[in-house]
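**Student:** Here you go, sequence then predicted model.
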Protein chains: 2
Amino acid sequence: MDDATLRTAIRQVSKTTTEEEVDLLVSCAITRTLKKGEILLNEGENCRSFYLVDQGYLRTYYYKTGVAVNLNFTFEGSYATNIKSVKSKQPSDLIIEAGENTVVWIFDLDIIAEKFDSHPQVILFIRRVSTLLFVASEENSNFFKMYTPTERYRYIEKNNPMLLQRVSLSQIASYLGVARETLSRIRRKNI
Amino acid sequence: MDDATLRTAIRQVSKTTTEEEVDLLVSCAITRTLKKGEILLNEGENCRSFYLVDQGYLRTYYYKTGVAVNLNFTFEGSYATNIKSVKSKQPSDLIIEAGENTVVWIFDLDIIAEKFDSHPQVILFIRRVSTLLFVASEENSNFFKMYTPTERYRYIEKNNPMLLQRVSLSQIASYLGVARETLSRIRRKNI
DNA sequence: AAAAGATTGTGATTTTTATCACAACTGAAT
DNA sequence: ATTCAGTTGTGATAAAAATCACAATCTTTT
C-alpha cells in the first residue's frame, strides 16, 4: 500500500511529528477505493469518520427539493467530513461521493477512540484536523457571503484552477449557485 | 457582578460540570461593557479571545470595497470570535462591534493558557466552545448556500424572530446579501 | 467509425434583483 | 412641539440571472 500521500498529509498537520508517530497515525487509517459516483457517506447515515483524499476527489452535496446542490469538492491531500453529524451524532443530510475514481484514507473516530485512546498524539492529530476543517469551513462560509457568483468564478480561476479542469461546468454551476447557462456565459466573459 | 448568564452558558457547554468547576471557569472570564457601536475586535488586530454575550448583541462584519457587509449577529448566551485569526495568529479582517449597549464575558486564550494550563476542565471547556462554534459555522455556511435571499428571510422569521426585532432592516439586508429595498419588498410580501 | 448519451454554448424571453430618486416615517435632541 | 438625522417604503428603470429551446460539441460504448 502506497501511503506517501497519507504520510505527507500527516506531517503537514503535525509538523514536529517523529517517524514513530507518523507510523502510529498511519496505522489508524484504513484505505478504501471508490468508483466514480460511488457513495462514501449517504444521507441518513451517521458520519463517524474523517476522509483524507489520496487520489481523485470527493463531492459533498445535498438534495434541495429533489435537485442535487454541491457544497464542496475535496481533492488530494485534503479532508472531508460532515462535522455536524460527527459532533451531534445525528444522521447526515449531506452526501459525500466520489467525483472520479477515488482512493481515500478513512480515520474512523470510533475505532480510534477505542484502540488509540491512550495515545495522546493520535487525539492531538484528530483535534488538529478538526481545527483545519473548522478554519476551512469559516473561510468557505465567508467566500459565499463575500463574493457574487461571477466573483466566485474569477476567484476559483485564480486560486483553485484544478477545480475548473476536473469538475464539469454543470457541477461547478451548482457549487457556485448559478444556472449552468449563466456560468457558461461567465466563462466566455459575456457577462 | 451578576454572572448568572455566564454560569448558565458554562453549564450548557459542559453539562456535567460541578459547582467548583463552574467557579473556576467563571474566574477565567473578564467582563466588559460596550456602548452601541463600540468596537470589540478591530480589523488588523489579532483575535485572542472568545466573547460570550451577556446583554445586547455583537455584530460581525467586514469591509468590501468600502461598504460594511454583515456576517453574523451574536445574541445573549452565544459566543463570537474570529476563529481563523485565533488559530492562525494572523490579523483579523473582520470587525466585531456592539449592535446595542452590550456586556460581554471575555475568555482571553493567552491568559487562560498561562494561568489555567494545569486545569484540564478549562482546556476541555474551551475545546467544547470551539466545537460549538465550528458546528455553527458549518451550519451558517450551508444556510447561505441552501437558501435564496427570500427563503433566508422566511427562515429567520421562523427560527430567529428576535433578530428581526432587534436589528434594523438595512443591517439585516446586508446580512442576507440583498439590497435594502429588496428586503423591504420581501417583508411586505410584494416579492 | 458510428451511434448514443451526456455536456456545453447560445439566442430569445421572462423573472428577479439592483439601482436611483425621493417621499414617508421614526426617534432622539433641543 | 419642532427640527434633524437616520431609517424605511415605493415607483421607475436598469442590470443580472433564470428559464426555455435547441444546436453544437465532447465522451463513451459498441
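**Tutor:** Structure received. Numbers count the residues shown, from 1 in each chain, chains lettered A, B, ... in the order given.
**Student:** Any buried residues in the biggest helix by length in chain A, and which?
**Tutor:** Taking DSSP state H as the criterion, chain A has its longest helix at helix A:120-146. Using 16 or more other Cβ atoms under 10 Å in any protein chain shown as the test for burial, helix A:120-146 gives A:121-122, A:125-126, A:128-138, A:140-146. The C-beta positions use only the backbone N, C-alpha and C, and glycine is treated the same way.
**Student:** what's the answer for stretch A:35-45, then?
**Tutor:** Within stretch A:35-45, judged by 16+ other Cβ under 10 Å, the buried ones are A:40-41, A:45.
**Student:** Now do the end-to-end distance for it.
**Tutor:** Chord length of stretch A:35-45, first to last residue, is 20 Å (Cα to Cα, to the nearest Å).
**Student:** If we ignore the residues flanking it in sequence, what's nearest the residue nearest the centre of chain A?
**Tutor:** By Cα atoms, centre = their mean, chain A has its centre lying nearest to A:Ala80, at 2.7 Å. Among residues not flanking A:Ala80 along the chain, A:Thr74 sits closest, at 4.0 Å (Cβ to Cβ, 6 or more residues apart in numbering or on different chains).
**Student:** what's that neighbour in contact with, if anything?
**Tutor:** A:51, A:53, A:57-58, A:60, A:80 (Cβ atoms under 8 Å, 6 or more residues apart in numbering or on different chains).
**Student:** that older thread, just the buried residues of stretch A:35-45 now: which is nearest chain B?
**Tutor:** Among those, A:Leu41 lies closest to chain B (Cβ to the nearest Cβ), at 14.5 Å.
**Student:** hang on, the earlier thing: so what pairs up with the residue nearest to the centre of chain A in the strands?
**Tutor:** With DSSP bridges applied, A:Ala80 shows beta-bridge pairing to A:Tyr51.
**Student:** which residues does it contact?
**Tutor:** Contacts of A:Ala80 (Cβ under 8 Å, 6+ apart): A:50-51, A:53, A:58, A:60, A:72, A:74, A:96.
**Student:** right, and the pair among the residues you listed with maximum separation?
**Tutor:** A:Phe50 and A:Asn72 (13.9 Å; Cβ to Cβ).
**Student:** Those two: who's more crowded?
**Tutor:** Using other Cβ atoms under 10 Å in any protein chain shown as the criterion, A:Phe50 and A:Asn72 rank with A:Phe50 on top: 23 against 19.
**Student:** and the nearest residue to A:Gln55 once chain neighbours are set aside, how many neighbours?
**Tutor:** Spatial nearest neighbour of A:Gln55, excluding adjacent residues (Cβ to Cβ, 6+ apart): A:Val103 at 4.4 Å. A:Val103: 18 surrounding residues under other Cβ under 10 Å.
**Student:** Now name the helix or strand holding the residue lying closest to A:Ile156 once chain neighbours are set aside.
**Tutor:** Leaving aside its chain neighbours, A:Ile156 sits nearest to A:Leu163 (5.7 Å; criterion: Cβ to Cβ, 6+ apart). Remark: A:Leu163 resides in helix A:161-166, with elements defined by DSSP states H and E.
**Student:** which strands and helices sit next to whichever helix or strand comes after that helix?
**Tutor:** Next helix or strand after helix A:161-166 toward the C-terminus (DSSP H and E): helix A:169-176. Counting contacts by 3 or more Cβ pairs under 8 Å, 6 or more residues apart in numbering or on different chains; DSSP states H and E, helix A:169-176 is packed against strand A:67-74, helix A:149-159, helix A:180-187.
**Student:** Spell out which parts of chain A neighbour DNA strand D.
**Tutor:** Proximity of chain A to DNA strand D (Cβ under 7 Å from any atom of the strand) is limited to residues A:148-150, A:177-179, A:181-182, A:191.
**Student:** possible to save these as TSV with neighbour count and distance to A:Ile30?
**Tutor:** Below are the residues of chain A next to DNA strand D laid out as TSV (neighbours: other Cβ atoms under 10 Å in any protein chain shown; distance: Cβ to Cβ, whole Å):
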residue	neighbour count	distance to A:Ile30
A:Thr148	12	42
A:Pro149	17	39
A:Thr150	16	42
A:Gly177	18	35
A:Val178	20	38
A:Ala179	13	40
A:Glu181	10	42
A:Thr182	17	41
A:Ile191	13	46
